[in-house]
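[1] Output the structure for:
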Amino acid sequence: MIKVIQITDIHLVPRGTELRRLDPERRFRDCLEQIEAEHWDAMAVVVSGDLTDSGDRPSYELLRDILADYWLPPVYLTLGNHDRRSTFSHVFPGAVDARTDAVQAQIDLGSQQGLVLDTWMEGEHAGTLCPQRLDWLAERLRLDPRPALLFMHHAPLRVALKRIDQIPLLSDNELWETLAPFRDRVRHIFFGHMHRNVSGSWRGVPFTVLSGTTHHGMLDFKTEFIRDTILDPFYAVILVDDRDIVVHFNQVRRHWEATTRRPGPTNADLRESADIVA
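    This is a model prediction of the structure:
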């Protein structure tokens, strides 16, 4: 089976500061340490948005430095509502698609393909996919006949959580119109943004929402704001073959003890040539 790792909503802040009494850097590192030790055989790691909490340059520089500290599969990044594309592009210039000015990427997964989409919308917590980004998506699906897994931050549906339902992907109809001609090849869509583990189907397409590495949203259908609770960080292990898709939510215990570590380049080597491709 093909293995892909999803991480989301890491909400990094400048080194030495905290977010809601949490240390986002430590929680992200706890996940990466386990992925390095146990999932180095994955074909890709996708970090699906809210890379930082405020879109500031020191936090993006911290992200770059953290990723260089680990021996990981190729890492693909995209943006969420807490990010800022202009600042991100200064630190990760090669990650921005020149044609769309968006952080999008196609991943070679052997018999499958991964498509990472940028739903960031300037000045808003809701998301969108503009015509240029949707054209990019349609072109990849048209030119590549392989089945596709999609990754993005915002979800194009309502889930009965009142605050989350106010800030979804607003271009849901436009996304569907783009995907509909290729519906038989769109196998699964993976989201972040909700800070909860959620699954279901959108217009018949299976989807999974991953909680992330920082705060976790409580199940509350009544209030108009997001009520948070603190759990250990999550990442997802996605297993894919030509017939089935299985998603495991893995909750990382803080200061877990690794018993093995795969030999590889030194941290200094990785810092010089980190495999950050989107």
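[2] worst-scoring helix or strand of the protein, pLDDT-wise?
    Lowest mean confidence among the helices and strands of the chain (mean pLDDT, DSSP states H and E): helix 267-272, at a mean of 38.
[3] Sort out which residues of stretch 202-216 are buried, please.
    For stretch 202-216, a neighbour-count test (16 or more other C-beta atoms under 10 Å) marks 202, 205, 207-216 as buried. Where C-beta positions appear, they are placed from N, C-alpha and C, glycine not excepted.
[4] So for it, first residue to last residue, what's the gap.
    23 Å (C-alpha to C-alpha, to the nearest Å).
[5] what's residue 184 sitting at in phi/psi?
    When read as degrees, to the nearest 10, the backbone of residue 184 gives phi -70, psi -10.
[6] Next, count neighbours for it.
    7 (other C-beta atoms under 10 Å).
[7] For it, give its distance to residue 177.
    16 Å (C-beta to C-beta, to the nearest Å).
[8] Now do stretch 119-133, average pLDDT.
    Mean pLDDT, computed over stretch 119-133, is 96.
[9] Residue 248: neighbour count?
    Residues lying near residue 248 (other C-beta under 10 Å) number 9.
[10] Contacts only, for it.
    By C-beta atoms under 8 Å, 6 or more residues apart in numbering, the residues touching residue 248 are 236-239.
[11] if you set the cut-off to 7 Å instead, what comes out?
    By C-beta atoms under 7 Å, 6 or more residues apart in numbering, the residues touching residue 248 are 236-237.
[12] same question, the one 3 residues further on
    Listed by C-beta under 7 Å, 6+ apart, the contact partners of residue 251 are 231-232, 234.
[13] For it, give me phi and psi.
    With angles defined as degrees, to the nearest 10, residue 251 sits at phi -100, psi 120.
[14] tell me the pLDDT at it?
    For residue 251, the pLDDT comes out at 94.
[15] Can you tell me how far it is from residue 27?
    From residue 251 over to residue 27 the distance is 11 Å, taken as C-beta to C-beta.
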